[in-house]
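S.K.: kindly generate the corresponding structure for this input.
(2 chains)
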Amino acid sequence: MATSAGKRPDPDQLLKQVEAEEARQWRARLKVFLGYASGVGKTFRMLDEGRRRKERGEDVVIGALQRKRDPAMDHLVELFEVIPPLSSGNGKDAIDLAAILRRHPQVCLVDGLAQDNPPQSANRKRYQDVQQLLAAGINVVTSINLQYIEELRAGVERITGKRVSETVPRSFILSADEIELVDVPAEQLLERVGRQPDAQSAAAERRRLSQLRELALLVAAEVVDHELAAYLKDHGIEQSLSTQERVLVCLTARANSETMMDMGARIARRFSGELYAIYVQQTSLGPGDKAALDARLECAREAGAIVEVLASDEPMEAILRFARAKNITHIFIGHSLRKGWWSRLFGNPVDHLIRDAEGIDVCIFPHAVGQASACPSEARHER
Amino acid sequence: MSDEGSATKGKLKVLLGYAAGVGKTYQMLEEGQQFKAAGVDVVIGYFESHRRRQTIAKAEGLEVIPRRQLEYRGTVFEEMDTEAVLLRHPRVCLVDEFAHTNVPGSEHAKRWEDVLRLLDGGIDVVTTMNVQHLESLNDQVFQMTGVRVRETVPDWVVKQADQVVMIDLTPRALLNRMERGAVYAADKASRALENFFRESNLVALREMALRQTAHEVEIREVDLDQFRRSARSGAAEDEPAERILIHITSHPETANLIRRAWRIAEFLQAGCLAVHVRSTSSRIGAEESEAIEKHLRFARDLHIETRVIEGDREAESLVEFARLNKLTQIYIARPRYKRWQRLFSTNPVHQIVRLAPDLRLIIVAERRAASAAPGPQRE
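M.R.: Now for the predicted structure:
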């Protein structure tokens, strides 16, 4: 979290810039309600959003609704004009794209974003229909469950043991102007969607749902992180406001880095943060050192780190530059116990790092030089 | 809020948001209405309408325990009447603004203390708070927003909650609401818009709330087995136990140090001990000793165990203590470097590293406000 590099533009200028951007890049907006399981209340939230917009005078229609839904929502549904979906025999509906485009409302509510269209539809997937609505200038409010995001499918499958076939690419979700999380405790959801036969299976189900819930929260946080970075970039603000923990492990050719990597991976995993490992090359290495370094870099990659090799005569400067650019929150660095007259007189390089690491914690791992090292077996950093 | 347990301690549910106006109070009242509809005996202990029409409407039909009136310096303040709620003894009590500071003269200094009292009395509580009120995030919030939040809730209190739920709303929707004056009455709206509610801050706070909620889910539900194990041994079985020493001095950044170290200990499920080394030979001034006392008290308020040990050589005493107590990491505030310290071996970093090649030393940097934001302001 670099602060010194922060450069705030003048607010008036900022405002003008924003207004200009908004006028220039006017297009329809996509809002997504994200849930972690069916029954959390996404459809309700979508309809409620529609209601509020309607009350503000916007022209809102329903393009698609799930066939199976809570009758308690009927009074909300009745508020809207419904563009009847195109039914096919096998239980699949497609939104009537042509009819909606003709009707051209300001806002269209589209439930079940991940659904596949029946064969012979113009688009294979419902989200492609939504893309067309947006392109035509119709705002869309929609809902999706976590497991239908293509890139998360494998992770969700590990938790639930179930495979879903209908998915939406993550990039489409990231392209949404707004994503709102529908959060409900697993306990409450279980009460809502029906009790389990016995206490043991209820506990297992609750745990599964909680894992999904945590994943949904982290996915939403990631989306928000993207949004924040884009916002700051658009407004010419250089500083970071990111809330994510990011660990940087500084590797050397000779020193053992196993404990550092282990600990770094652990912090990154525990905080659902990011892990980086860098090596700053000053002089060319002998074949022995080169092999040792390559092994360490490989270990770092295996631990889930983003690995980079930098070339610089000023290693501490290079580390700090990198740390500021990546908004690092912890620097992990070894500290050799050698004490030459040079560092006594001019200060140890690690001292410089500590002094100049504005807003970044420095974690020192004292170590002797040249220990053997193997790949850490544990502490894989999985995202 | 399940059936069992009402005879003993009440259950706590925290509705977590990231700003005024995201809908925490509304959701709290909504849950109250659901309880009532299900035949559960529910009352409002305290709620703040902020003169919002929809919020007031949502409270309709719910029993309200009249607030207690207290006079302080000629002005009458209203607080939750905790004793009256206990006497009325409902199944569930709705208590808005968990982080609120009571007016001087109240029985408890903080509303969260009132809530703990209700829980002890066997009453379930649904309450609301914003993520920026969490003690351990105070410096990070300051760094991001330039606002030093004064009303905080210690993390151990939130940890008592059975459920933490994120009340999410996008910043754009929030800003729209504010512009229409739905959040604050119109006179306050423009001022609030100017500072705390800048969109970038809101986005950052929202991310923080999402991550915090994910963490709360993790420690309660997902990692249960590991969590139980860790309660016994200090860490999960497959990871070495970490134990953290926080060095307490008069250094002005010590509160930041404590919060930061505590947060890392919390996420690593590591043990945590705050230690001050008192010199036996040299005497310190009143101001310095007051600062040290304040920092020790702060650590204790966060439920961190504190120790004061005696010794003339600070680094040696610390390292010795760490070894005896099997601590693995030492957290210190970033030293104020003086030029002469580099020449000799008085630099605490050098001393500790030299004495303790088996321990890790973490130098915690101060968090400065990232933005040219307006000065400290109460949230």
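S.K.: what about residue A:171, how many neighbours?
M.R.: By the criterion of other Cβ atoms under 10 Å in any protein chain shown, residue A:171 has 9 neighbours. From N, CA and C alone the C-beta is placed, and that goes for glycine too.
S.K.: so how far is chain B from it?
M.R.: Distance, residue A:171 to chain B, by Cβ to the nearest Cβ, to the nearest Å: 19 Å.
S.K.: so that residue sits in a helix?
M.R.: Yes. Counting by DSSP: H, G, I helix; E, B strand; the rest coil, residue A:171 falls inside a helix.
S.K.: spit out the contact partners of it.
M.R.: By Cβ atoms under 8 Å, 6 or more residues apart in numbering or on different chains, the contact set of residue A:171 is empty.
S.K.: low-scoring stretches of the chain, by residue?
M.R.: I went with chain A, as the question did not name one. A:1-26, A:89-90, A:194-195, A:235-242, A:336-347, A:367-383 (pLDDT under 70).
S.K.: the intended chain is chain B.
M.R.: Applying pLDDT under 70 to chain B flags the ranges B:1-7, B:181-197, B:222-240, B:337-346, B:370-379.
S.K.: hmm, try it at 80
M.R.: B:1-7, B:51, B:178-199, B:221-240, B:282, B:336-348, B:350, B:368-379 (pLDDT under 80).
S.K.: which parts of it are strands?
M.R.: For chain B, applying DSSP state E gives strands covering B:12-17, B:42-46, B:63-64, B:68-72, B:75-79, B:92-95, B:124-130, B:163-166, B:243-247, B:271-278, B:305-310, B:329-333, B:360-364.
S.K.: chain A too?
M.R.: Under DSSP E, chain A gives strands at A:30-35, A:60-64, A:81-82, A:86-87, A:93-94, A:107-110, A:139-145, A:178-181, A:246-251, A:274-281, A:306-311, A:330-336, A:361-367.
S.K.: just checking, residue A:82 touches residue A:65?
M.R.: Yes. Residue A:82 is within contact range of residue A:65, at 7.4 Å (criterion: Cβ atoms under 8 Å).
S.K.: so what's residue 213 up against?
M.R.: Using chain A here. Taking Cβ under 8 Å, 6+ apart as the test, what residue A:213 contacts is A:36, A:37, A:183, A:184, A:185, A:186, B:217, B:221.
S.K.: wait, I meant chain B there
M.R.: Contacts of residue B:213 by Cβ under 8 Å, 6+ apart are A:183, A:217, B:16, B:164, B:165, B:166.
S.K.: show me what contacts the fifth one?
M.R.: Under the criterion of Cβ under 8 Å, 6+ apart, the neighbours of residue B:165 are A:183, A:184, A:185, B:13, B:14, B:15, B:16, B:213.
S.K.: so it bridges to which residues?
M.R.: Residues in a beta bridge with residue B:165, per DSSP bridges, are residue B:15.
S.K.: tell me how far it lies from residue B:129.
M.R.: 11 Å (Cβ to Cβ, to the nearest Å).
S.K.: next one: the third one
M.R.: Taking Cβ to Cβ as the criterion, residue B:16 is separated from residue B:129 by 6 Å.
S.K.: enumerate the residues of the stretch 251-379 of chain B near chain A.
M.R.: Contacts of the stretch 251-379 of chain B with chain A, taken as Cβ under 8 Å from any Cβ of the partner chain, map to B:260, B:264, B:267-268, B:334-335, B:337, B:342-343, B:347, B:349-350, B:353-354, B:356-372.
S.K.: can you put the strands of chain A in JSON lines and add mean neighbour count?
M.R.: Below are the strands of chain A laid out as JSON lines (neighbours: other Cβ atoms under 10 Å in any protein chain shown):
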{"stretch": "strand A:30-35", "mean neighbour count": "24"}
{"stretch": "strand A:60-64", "mean neighbour count": "25"}
{"stretch": "strand A:81-82", "mean neighbour count": "12"}
{"stretch": "strand A:86-87", "mean neighbour count": "14"}
{"stretch": "strand A:93-94", "mean neighbour count": "20"}
{"stretch": "strand A:107-110", "mean neighbour count": "26"}
{"stretch": "strand A:139-145", "mean neighbour count": "24"}
{"stretch": "strand A:178-181", "mean neighbour count": "23"}
{"stretch": "strand A:246-251", "mean neighbour count": "26"}
{"stretch": "strand A:274-281", "mean neighbour count": "22"}
{"stretch": "strand A:306-311", "mean neighbour count": "14"}
{"stretch": "strand A:330-336", "mean neighbour count": "23"}
{"stretch": "strand A:361-367", "mean neighbour count": "22"}
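S.K.: any chance of these in TSV, plus distance to residue B:39?
M.R.: Formatted as TSV, the entries for these read as follows, by distance: least, Cβ to Cβ, whole Å:
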stretch	distance to residue B:39
strand A:30-35	28
strand A:60-64	34
strand A:81-82	35
strand A:86-87	41
strand A:93-94	38
strand A:107-110	34
strand A:139-145	31
strand A:178-181	30
strand A:246-251	50
strand A:274-281	49
strand A:306-311	55
strand A:330-336	52
strand A:361-367	52
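S.K.: for the residue nearest the centre of chain A, what are its contacts?
M.R.: Against the mean C-alpha coordinate of chain A, by Cα atoms, centre = their mean, the closest residue is residue A:222 at 2.2 Å. Neighbouring residues of residue A:222 by Cβ under 8 Å, 6+ apart: there are none.
S.K.: and the residue in the stretch 1-150 of chain B that chain A sits nearest to, how far is that from residue A:335?
M.R.: Among the residues of the stretch 1-150 of chain B, residue B:144 lies closest to chain A, at 5.0 Å counting by Cβ to the nearest Cβ. Noted for residue B:144: a distance of 31 Å to residue A:335, by Cβ to Cβ.
S.K.: swap in residue B:261?
M.R.: Residue B:261 is 19 Å from residue A:335, by Cβ to Cβ.
S.K.: same thing with residue A:319?
M.R.: Relative to residue A:335, and taking Cβ to Cβ, residue A:319 is found at 13 Å.
S.K.: show me which residues of the stretch 101-250 of chain A are close to chain B?
M.R.: Residues of the stretch 101-250 of chain A lying near chain B (Cβ under 8 Å from any Cβ): A:177-188, A:206-207, A:210-211, A:213-214, A:217-218, A:220-221, A:224-225, A:227-228, A:231-232, A:235, A:237, A:239-244.
S.K.: and the closest residue to chain B within the stretch 201-350 of chain A, how many residues sit next to it?
M.R.: Closest to chain B within the stretch 201-350 of chain A is residue A:210: 3.3 Å, counting by Cβ to the nearest Cβ. Per other Cβ under 10 Å, the neighbour tally for residue A:210 reads 23.
S.K.: what sits against it?
M.R.: A:186, B:217, B:220, B:221, B:222.
S.K.: nearest residue to it other than its sequence neighbours?
M.R.: Nearest residue to residue A:210, sequence neighbours excluded (Cβ to Cβ, 6 or more residues apart in numbering or on different chains): residue B:221, at 3.3 Å.
S.K.: burial measure for the one you found, as a count.
M.R.: Residue B:221: 21 neighbours (other Cβ under 10 Å).
S.K.: and it, what does it touch?
M.R.: Going by Cβ under 8 Å, 6+ apart, residue B:221 touches A:186, A:206, A:207, A:210, A:211, A:213, A:214.
S.K.: what's the distance between it and residue B:269?
M.R.: In terms of Cβ to Cβ, residue B:221 sits 15 Å off from residue B:269.
S.K.: over to residue B:34?
M.R.: Separation of residue B:34 from residue B:269 (Cβ to Cβ): 35 Å.
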